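Asker: sequence and predicted structure below; questions after.
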Amino acid sequence: MKAIWNNKVIAESNETVVIENNHYFPAESIKKEYFKASDTHTTCPWKGVASYYTLEVDGKQNPDAAWFYPEVSELAKTIKGHVAFWKGVSVVE
């Protein structure tokens with residue numbers, strides 16, 4: 001699978017985990033140069049507290065377009081160390 005935004009591959013892996021129709025990419029598969037930490041946090045009742053990244057590609061920003069769970073609940077342990085995308089990021093094979 002590939003995550004693409006602003007015509008750049010920002011993550012690529014054959015080992016994503018799909019939960020709630022979202023592909024979670026292993027953290028080591030993201031291209032870190034496109035990711036900037038965000039101060040945004042949200043809470044999922046069964047996964048835990050999510051943290052976000054803002055994507056920056058070729059001078060364009062996509063705020064909070066990627067998220068991950070630094071600490072996951074027992075129910076969500078399969079996505080520990082993984083990153084998912086939304087807000088216009090295409091995930092394709």
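Answerer: Everything's here; your move.
Asker: just give the number of residues close to E33.
Answerer: 10 (other Cβ atoms under 10 Å). C-beta here means a position set from N, CA and C on the backbone, and glycine is covered the same way.
Asker: are we agreed that it is in a helix?
Answerer: Yes - secondary structure of E33, determined by DSSP: H, G, I helix; E, B strand; the rest coil: located in a helix.
Asker: got the contact list for it?
Answerer: Not one residue lies near E33 by Cβ atoms under 8 Å, 6 or more residues apart in numbering.
Asker: cutoff 10 Å now
Answerer: Residues in contact with E33 (Cβ atoms under 10 Å, 6 or more residues apart in numbering) are 8, 10, 56-57.
Asker: pull out the buried members of the residues you listed.
Answerer: Neighbour-count burial within the contacts of E33 applies to 10, 56-57; the criterion is 16 or more other Cβ atoms under 10 Å.
Asker: can you redo these as TSV with pLDDT, secondary structure and distance to T42?
Answerer: Compiled in TSV, these are given as follows (pLDDT from 0 to 100; DSSP: H, G, I helix; E, B strand; the rest coil; distance: Cβ to Cβ, whole Å):
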residue	pLDDT	secondary structure	distance to T42
I10	98	strand	21
E56	98	strand	21
V57	98	strand	23
